[in-house]
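In: quick one: sequence and predicted model below, then my questions.
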Amino acid sequence: MPTPVNVWVYTSPGLSRPLPAQLSPPVPPLLPAQADGVHLVPGFNGLGAPWWDAEATGLLTGMTLGTRLENVARAAVESVAFQVNDLVLAIREATGEAEVLSVDGGATVNSSLMQLQADISGIPVRRPATADLSALGAAHLAGLAAGLWTTAELDALPRPQNEFTSTAGAQWRASEVAAWHAAVQRARYRPTAQADART
């Protein structure tokens, strides 16, 4: 299922050019290495976990006269990693543990996104050789029900995967996450209603 940020990018004139399908696998050839201070908070229908703020709005912040469409597209890609990291932080706060992030789904074919995720979260990101594990799991369950294989045989199957480890320092990570959270707070900002001074 497409995420709100995918839908917004693909339906925005000019943005789909620098950001091809599936968040530009394997490496976005037209995207800059950084969003140059631009942040996209995709609160188009509010923000879900861990914020649970139905009144949050979509926000594009940090733009200057030098901002290009490619920077906005890069910010859209980065927003995926920042949102996942918000969940990692929530897990750490609740349990004290978050040692490895196992991923799947269409966006995981983007190796640059997976490396960014590892850098932002500061933990290894493990990507299976099969991107769509839901379909594979359904096939395994169907085979079990039909008697084609046993649970032991499934457990013995090889599970090849790629692992991405962080190459970023703690100071960079803290700065990036702080800037993202500042953008999220702007997206959640609701000014207090004030009486019109003219009345």
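Out: Good, I have the coordinates.

In: so Glu163 belongs to a strand, correct?
Out: Yes. Under DSSP: H, G, I helix; E, B strand; the rest coil, Glu163 falls within a strand.

In: do you know how far it is from Gly96?
Out: 23 Å (CB to CB, to the nearest Å). Where C-beta positions appear, they are placed from N, C-alpha and C, glycine not excepted.

In: quick one, which of the two is more surrounded?
Out: Glu163 (11 against 7; other CB atoms under 10 Å).

In: just the strands in the protein please.
Out: 39-41, 59-61, 101-102, 125-128, 161-164 (DSSP state E).

In: mind putting those into a markdown table with distance to Met114 and mean pLDDT?
Out: Below are those laid out as a markdown table (distance: least, CB to CB, whole Å; pLDDT from 0 to 100):
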| stretch | distance to Met114 | mean pLDDT |
| --- | --- | --- |
| strand 39-41 | 19 | 95 |
| strand 59-61 | 24 | 94 |
| strand 101-102 | 9 | 92 |
| strand 125-128 | 5 | 93 |
| strand 161-164 | 5 | 91 |
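
In: looking at those strands, which is closest to Gln83?
Out: strand 39-41 (8.9 Å; CB to CB).

In: which residues are in contact with that closest one?
Out: 5, 47, 56, 58-62, 72, 75-76, 78-79, 82, 179-180, 183-184, 186-187 (CB atoms under 8 Å, 6 or more residues apart in numbering).

In: ok, back up a step: out of the strands of the chain, deepest packed?
Out: Mean neighbour count, computed with mean count of other CB atoms under 10 Å, is highest for strand 39-41 among the strands of the chain, reaching a mean of 26.
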